[in-house]
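A.B. asks: Quick one: sequence and predicted model below, then my questions.
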Amino acid sequence: MPAQLLDGNLLSKKLRAEIAARGAILTAKGTRPGLAVIVLGDNPASQVYVRNKVKACEDVGFHSVLERYSADLDEEALLARIATLNADPAIHGILVQLPLPEHIAAERVLEAIAPHKDVDGFHVANAGALMVGNPEFKPCTPYGCMKILESIDYPIRGARAVIVGASNIVGKPMAMLLLQAGATVTICNSKTRDLAHHTKDADILVVATGKARMVTGDMIKTGAVVIDVGINRLPDGKLCGDVDFDTAKYIAGWITPVPGGVGPMTITMLLMNTLEAAEKSAKH
Ligand SMILES: Nc1nc(=O)c2c([nH]1)NC[C@@H]1CN(c3ccc(C(=O)N[C@@H](CCC(=O)O)C(=O)O)cc3)C=[N+]21
């Protein structure tokens, strides 16, 4: 396999050790970083993810609270919980697990989180600040992808970066971070004509479409860095990415696996954002 594997578990381990050390210093000074995670309903995937987030907090010594509510919790009750957490000095980060049930206006909920506790980086104030270049928090998945590129000292300045997927939580913020790092950025979406023409031009290819194995080896430039954000569950229960790893690995120069690539980095950057939120609060 010519491509070098970009191991998100290994990089997470290193970063989480640094996060734990910085967290311990802060805790000793009287501010233990704290994250609140809210989840509605009993979607099994959401339950697994939120438990992983809380477990990750425990592993680095952070305080965490997991609040689980029934899927029919009304929006006003959820907003009231967020208001309480906004005012809670033991909580530095608030995460409301997405997707939310249909009867709840997700954007209203995300806008209710105090921007200085918005460790997901989903609040419009943080999205706007990211575009201007100084967000309070970078969204965790794109931030993790940048850390992956940093881990191999990839020369982003002047590189051609192509992002497949234009979501508010991955594609768009990913484009902003790469642009700020000096890449020439193309964002493709589900209507893009001749997708392969774009992807084959990419030195850095980030795929976040939610379509299992849609980017195949023949769509990749030889030697490219391929970052696969997708997490799809196959009928046999196994996970796979949005990139067809088995054909891509012979063409790419570097590639992230699924699982064990971007997923753990997303959680690591959530811890980083929570740490930074706590560090900022301790300065006031
Ligand atoms: N407000 C909010 N913030 C989020 O950050 C958020 C969210 N809602 N809703 C759902 C998605 C999904 N997400 C994942 C994070 C880590 C893994 C992860 O660690 N994956 C492991 C595998 C886990 C498994 O085995 O299922 C891996 O890729 O190696 C997966 C998915 C965060 N999300």
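C.D. replies: Done, it's in. All of these numbers come straight from a predicted model, not from anything done at the bench. Residues are numbered from 1 along each chain as shown.
A.B. asks: residues contacting the residue in the stretch 51-200 of the chain that the ligand sits nearest to?
C.D. replies: Relative to the ligand, the nearest point of the stretch 51-200 of the chain is residue 98 (3.8 Å; C-beta to the nearest ligand atom). No exception for glycine: its C-beta is placed from N, CA and C like everyone else's. By C-beta atoms under 8 Å, 6 or more residues apart in numbering, the contact set of residue 98 is 106, 169.
A.B. asks: same check, this time on the one 3 residues further on
C.D. replies: Contacts for residue 101 (C-beta under 8 Å, 6+ apart) come out as 40, 41, 71, 72.
A.B. asks: the strands in the stretch 151-284 of the chain, which residues?
C.D. replies: Along the stretch 151-284 of the chain, the segments classed as strands by DSSP state E, counting those that start in this stretch run 160-164, 184-188, 204-207, 225-228, 232-233, 239-240, 254-255.
A.B. asks: Now tabulate these in TSV and tack on distance to the ligand.
C.D. replies: Converted to TSV, those look like this (distance: least, C-beta to the nearest ligand atom, whole Å):
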stretch	distance to the ligand
strand 160-164	17
strand 184-188	20
strand 204-207	14
strand 225-228	9
strand 232-233	8
strand 239-240	6
strand 254-255	14
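A.B. asks: could you measure residue 220 against residue 183, distance?
C.D. replies: 17 Å (C-beta to C-beta, to the nearest Å).
A.B. asks: Those two: which has the busier surroundings?
C.D. replies: Legend: neighbour count by other C-beta atoms under 10 Å for residue 220 and residue 183, higher for residue 220 (27 against 24).
A.B. asks: residues contacting the more buried one?
C.D. replies: Per C-beta under 8 Å, 6+ apart, neighbours of residue 220: 199, 200, 202, 205, 226, 248, 251, 252.
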